[in-house]
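J.: can you look at this prediction? I've put the sequence above it.
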Amino acid sequence: MTSLAALFTAISLIAAFAARRGIGRAASREGVSEHLLRLLTIVMAFLGLRLLFLAWPSPVVLAMVLVVAAWLPLITLRLTEEVVRRHAPRALKLLALTGASAFSLLAMTFGLVWPQAAGMALAGFQATVIAGVLVHMYRQRSTVALPERRAASILAVAFLICIPLLATDFQGLFSDLPFRGGPFAALIFVLACSRLGNENSSVASLLWDIMLCLAAGTIVAFLAWTMQTAPAIQHAIAGGAFGTAALVLLTERFSALRDAQDGLLFDVAKTSMSPASILASHELLATARRIDEKELSDLPSDAVDALARKLVTSRESELGDQRLDGAAADLLDRHSASHLLRLSRNPVRF
């Protein structure tokens with residue numbers, strides 16, 4: 001059982017490290033990116049200490065695990081505030097902060113000799129704060145743009161899946177379970193984090209990731225069962241296949257992100273969005289041609305407005321109307337261009 005838990009925890013730790021490294025390369029170190037990196041860092045610390053405790057079950061290490069776990073709800077709350085761009089209720093913030101401080105003190109004192117009761121109380125605290133986080137995201141999701149709304153939905157679904165898995169970590173609540181779900185919860189949360197940076201991601205895409213991992217684990221477990229292996233070995237193989245599939249998905253996703261970072265659009269996205277910084281962001285833009293309002297006067301005004309709402313327009317972009325798409329293609333053809341980059345909206349300049 002201990003070796004099985006250590007295997008799952010190690011896989012989850014590697015996945016969290018891969019996600020943090022991949023997201024860190026594209027992060028702007030502000031807003032959602034900053035808080036996401038902070039949360040992944042504390043998840044890594046939690047998993048690392050958990051792995052240490054499995055190897056060296058000391059009360060001191062257990063107390064350190066409880067301390068890190070106590071701060072997870074507060075960091076999670078700060079991330080969701082950034083996602084929905086709204087402050088959480090003051091009472092929820094005070095609960096998360098005072099609870100983190102109180103349970104840190106409890107873990108380093110009574111937690112050393114009373115770990116089960118401390119863990120039970122910590123579970124109740126975490127569940128309360130995360131429930132408040134979910135309510136806050138639900139109330140605010142209609143006030144934000146579509147990308148933020150999708151990110152909030154992805155996080156909400158990830159939390160709803162992870163909460164029952166995390167509850168199995170508390171032996172005082174579930175003493176007879178053959179496995180602990182904490183590492184699986186960490187893997188699912190990391191998969192959700194990897195989806196936040198893609199504006200086309202959705203709850204369905206996260207569920208698809210989870211289904212792929214479950215399918216890998218189920219197929220391998222079935223093969224192990226047909227070979228009449230021991231149940232413990234079947235569980236280990238299935239869990240390892242689930243984690244390996246998650247690692248493959250993360251590796252592929254962040255490799256694609258790394259490739260995108262070498263392109264023109266990624267360099268443009270990192271700028272301050274001023275005309276000077278956009279044109280200086282990549283060497284290919286040094287010879288770019290500026291298009292002012294007078295050169296757009298023969299195009300339909302609604303087409304110009306639609307183009308001005310997008311930072312980048314290419315031949316593959318869709319403006320939602322065949323006539324508008326035709327006007328965009330005509331403008332690109334007129335200047336023998338592959339992409340149209342918006343410099344300003346008022347006045348309209350590309």
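T.: Arrived safely. Residues are numbered from 1 along each chain as shown.
J.: you'd agree Leu247 is up against Ala19?
T.: No: judged on Cβ atoms under 8 Å, Leu247 makes no contact with Ala19 at a distance of 10.1 Å. In this view, the C-beta of every residue, glycine as well, is placed from N, C-alpha and C.
J.: could you find the closest non-adjacent residue to Ala241?
T.: Closest residue in space to Ala241, ignoring its immediate chain neighbours: Val220 at 3.9 Å, by Cβ to Cβ, 6 or more residues apart in numbering.
J.: and the helix or strand hosting the one you found, what other elements does it pack with?
T.: Taking DSSP states H and E as the criterion, Val220 maps to helix 203-226. The contact analysis (3 or more Cβ pairs under 8 Å, 6 or more residues apart in numbering; DSSP states H and E) places helix 203-226 against helix 146-167, helix 182-196, helix 231-261.
J.: picking that back up, higher neighbour count, Leu247 and Ala19?
T.: Using other Cβ atoms under 10 Å, the more surrounded residue of Leu247 and Ala19 is Ala19, with 26 against 18.
J.: which of the three states applies to that one?
T.: helix (DSSP: H, G, I helix; E, B strand; the rest coil).
J.: what about it, distance to Ala118?
T.: Note on Ala19: its distance to Ala118, by Cβ to Cβ, to the nearest Å, is 29 Å.
J.: need the helices and strands packed on helix 203-226 in CSV with distance to Ala5 and mean pLDDT, can you?
T.: Compiled in CSV, the helices and strands packed on helix 203-226 are given as follows (distance: least, Cβ to Cβ, whole Å; pLDDT from 0 to 100):
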stretch, distance to Ala5, mean pLDDT
helix 146-167, 13, 87
helix 182-196, 7, 87
helix 231-261, 9, 77
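J.: out of those, which is closest to Glu318?
T.: Among those, the nearest to Glu318 by Cβ to Cβ is helix 146-167 (15.0 Å).
J.: closest one to Val65 among the helices and strands packed on helix 203-226?
T.: The closest of those to Val65 is helix 182-196. By Cβ to Cβ, the value is 10.3 Å.
J.: pLDDT below threshold where in the stretch 251-350 of the chain?
T.: The stretch 251-350 of the chain contains residues with pLDDT under 70 at 256-287, 320.
J.: which stretches of it form strands?
T.: 312-314, 339-341, 344-345, 348-349 (DSSP state E, counting those that start in this stretch).
J.: give me whichever of those is most buried.
T.: Of all those, strand 339-341 carries the top mean neighbour count, a mean of 19, counting by mean count of other Cβ atoms under 10 Å.
J.: for that strand, name the packing helices and strands.
T.: Helices and strands touching strand 339-341, as assessed by 3+ Cβ pairs under 8 Å, 6+ apart, comprise helix 264-269, strand 312-314, helix 322-334.
J.: pull out the buried positions in the last one.
T.: Along helix 322-334, these residues count as buried under the neighbour rule (16 or more other Cβ atoms under 10 Å): Leu324, Asp325, Ala327, Ala328, Leu331, Leu332.
J.: out of the strands of the stretch 251-350 of the chain, nearest to Ser142?
T.: strand 344-345 (25.0 Å).
J.: direction included, what does that closest one pair against?
T.: Strand 344-345 has these partner strands in its sheet, going by DSSP bridges: strand 348-349 (antiparallel).
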